[in-house]
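**Q** Everything below, folded, please.
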Amino acid sequence: VSACEAMIFEDTPLTHCLADPAQHTIRTALAAPGGQVHGSVGALAAAMGEDAARVVFAVNGGMYDNQGRPIGYYVEDGERLQRLNRNPGPGNFHLLPNGVFFGSEGEWAVLTSDEFAETIDERPAFATQSGPMLLIGGEMHPELSDNGPSRKIRNAVGVDRRGRAHFVISEVPLSMGRLARFYRDVLNVENALFLDGTVSQLWDPAKERIDTGIAIGPLIVVEKRARARP
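**A** You can find the predicted model right below:
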């Protein structure tokens, strides 16, 4: 059974994938053991071999440079590969506030990068920084309009009050504002983080879906728990 379902919001088709800490674990994945960046969910699937049977779904997970390496805070298996980036600059990543999706031991969260820096003392098991934030405390990012003119295939993540992570990828181009309002008005998420646009990919093994496209960077992998939590 797939953890992903088709939904419609304001005539826009979306795919919503739910990760539940009682049933799932989350990790980040950047490169194969040899060091080469996966670059796609298909390459990740091939590299995992038989271990791919554990995967519930996977998505692209954050901004990256032209080598596919993360440009913001990135932790994989407890190892920090990139420091928190709070520098000003161009593009979506620097449309401040940006944010961090992170977690350890089934506790997942999305925080603005400033709040993450101020409140998180211990390095998480996984983390990826992206931007901009779509929702901050239930309010839309101040630079986003309800339905701006920019339309792209986009994906994002948010964590609800029950600690579940909601991943959304659009099936047609849509505005950031519409995506933010879907998180606010339908998913009832307080904090949501834009992951990327144009290059967004989903791997949903249960539906035999493996998206292809432009080479991507960090990946977020949701897997079955070895034993479900009570």
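
**Q** which helix of this structure spans the most residues?
**A** Ordering each helix of the chain by length in residues (DSSP state H) puts helix 176-185 first.

**Q** List the buried residues of it.
**A** Judged by neighbour count (16 or more other CB atoms under 10 Å), helix 176-185 contains these buried residues: 176-184. Every residue, glycine included, has its C-beta placed from N, CA and C.

**Q** For it, name the packing helices and strands.
**A** strand 4-9, strand 133-136, strand 139-140, strand 154-159, strand 165-170, strand 191-197 (3 or more CB pairs under 8 Å, 6 or more residues apart in numbering; DSSP states H and E).

**Q** which residues sit against that helix?
**A** Contact with helix 176-185 is made by 9-10, 12, 14, 132, 134-135, 138, 140-141, 144-148, 150, 154, 156, 158, 166, 168, 170, 189, 192, 194, as judged by CB atoms under 8 Å, 6 or more residues apart in numbering.

**Q** Tell me the buried residues within those residues.
**A** 9, 12, 14, 132, 134-135, 140-141, 144, 154, 156, 158, 166, 168, 170, 189, 192, 194.

**Q** what's the neighbour count on the residue nearest to Y64 when sequence neighbours are not counted?
**A** Leaving aside its sequence neighbours, Y64 sits nearest to G217 (CB to CB, 6 or more residues apart in numbering; 2.7 Å). Using other CB atoms under 10 Å, G217 has 25 other residues around it.

**Q** tell me the SS of G217?
**A** At G217, secondary structure determined by DSSP: H, G, I helix; E, B strand; the rest coil is coil.

**Q** quick one on the thing from earlier: can you lay out the helices and strands packed on helix 176-185 as CSV showing distance to R225 and mean pLDDT?
**A** Output for the helices and strands packed on helix 176-185, formatted as CSV (distance: least, CB to CB, whole Å; pLDDT from 0 to 100):
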stretch, distance to R225, mean pLDDT
strand 4-9, 18, 98
strand 133-136, 28, 98
strand 139-140, 33, 97
strand 154-159, 17, 98
strand 165-170, 14, 98
strand 191-197, 23, 97
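
**Q** what's around T119, how many residues?
**A** Based on other CB under 10 Å, the number of other residues close to T119 is 9.

**Q** how distant is the longest helix of the chain from the center of its chain?
**A** 15 Å (CA atoms, centre = their mean, to the nearest Å).

**Q** quick check: angle from that helix to strand 4-9?
**A** 110 degrees (axes from the mean of the first three to the mean of the last three CA atoms, to 10 degrees).

**Q** between helix 176-185 and strand 191-197, how many degrees?
**A** 150 degrees.

**Q** Just the buried positions in stretch 2-21, please.
**A** Quick answer for stretch 2-21 (16+ other CB under 10 Å): 3-4, 9, 12, 14-21.

**Q** I would like the residues contacting it, please.
**A** Contacts of stretch 2-21 (CB under 8 Å, 6+ apart): 24, 26, 56-57, 59, 106-108, 163-172, 174, 178, 181-182, 186-187, 202, 204, 206-207, 222, 229.
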